[in-house]
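Colleague: Following is a predicted model, sequence given first.
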Amino acid sequence: LTKACTSLVGFSVGDILAQKFIGGSGGFDYARLARMGSFGLLIHGTTSHYFYNFLDAKIPGTDAAIVALKVFIDQVLWAPIFGVLFFSYLGFTAGESAEDVFKPMVGNIKKAVYGSWRVWPVAHAINFRFIPTEQRLLYINSIQIAYNVFLSFIGNQKSEGKASEE
């Protein structure tokens with residue numbers, strides 16, 4: 001529950017920052033904030049808890065080769081899966097059709113994964129080398145706030161573009 005709550009805070013703060021400093025000239029979108037925060041609470045906190053615990057259980061250790069393998073698995077396998085979860089959740093909870101959710105999926109995941117590769121390899125090298133398993137998600141969520149500004153911007157571009165067309 002603690003990890004889910006820290007993810008709620010991380011995704012909420014990231015979206016607040018995105019709306020305040022990067023968002024359009026429109027008013028504050030509380031529904032968007034609720035979608036981002038609930039994603040952190042319901043999806044990110046739980047799936048990340050199980051993923052990182054599984055990874056540590058199956059690949060124990062903190063030497064350089066083990067850390068590199070964990071970073072590789074996180075960035076090549078987990079990052080795209082996380083992207084599908086994230087963009088699907090945002091779209092469906094915004095009431096979009098399956099077509100509207102999945103049509104931009106490949107482009108959005110590419111942006112998110114390429115952005116991930118700029119932030120997370122170094123962050124996870126520190127994470128997998130120095131942070132105990134039980135504290136891993138708290139560490140991730142502290143860095144995730146800045147990355148969530150980026151995700152919030154990407155994940156909400158389409159819905160804001162549709163709103164301005166109407």
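Modeller: Cool, the structure landed. Predicted model, so just to flag it, every value in this text is computed and none were measured.
Colleague: neighbours around Gly26, how many?
Modeller: Neighbourhood size, Gly26 [other Cβ atoms under 10 Å]: 10. Glycine gets a C-beta too; all of them are placed from N, C-alpha and C.
Colleague: helix/strand/coil for it?
Modeller: At Gly26 the chain is in coil, as set by DSSP: H, G, I helix; E, B strand; the rest coil.
Colleague: At which residues are the helices of the protein located?
Modeller: 2-17, 30-39, 45-58, 64-73, 79-93, 98-102, 105-130, 136-165 (DSSP state H).
Colleague: Distance from the chain centre to the longest one, please.
Modeller: For helix 136-165, the distance between its averaged C-alpha position and the chain's averaged C-alpha position is 7 Å (Cα atoms, centre = their mean, to the nearest Å).
Colleague: what does the third one give?
Modeller: Centroid displacement of helix 45-58 relative to its chain, using Cα atoms, centre = their mean, is 15 Å.
Colleague: quick revisit: tell me which of the helices of the chain lies nearest to Gly23.
Modeller: When these are compared by Cβ to Cβ, helix 136-165 sits nearest Gly23, at 7.7 Å.
Colleague: rewinding a little: could you redo the helices of the chain as JSON lines and give each row mean neighbour count and distance to Gly23?
Modeller: Formatted as JSON lines, the helices of the chain follow (neighbours: other Cβ atoms under 10 Å; distance: least, Cβ to Cβ, whole Å):
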{"stretch": "helix 2-17", "mean neighbour count": "21", "distance to Gly23": "9"}
{"stretch": "helix 30-39", "mean neighbour count": "19", "distance to Gly23": "9"}
{"stretch": "helix 45-58", "mean neighbour count": "16", "distance to Gly23": "24"}
{"stretch": "helix 64-73", "mean neighbour count": "15", "distance to Gly23": "32"}
{"stretch": "helix 79-93", "mean neighbour count": "18", "distance to Gly23": "15"}
{"stretch": "helix 98-102", "mean neighbour count": "13", "distance to Gly23": "20"}
{"stretch": "helix 105-130", "mean neighbour count": "16", "distance to Gly23": "17"}
{"stretch": "helix 136-165", "mean neighbour count": "18", "distance to Gly23": "8"}
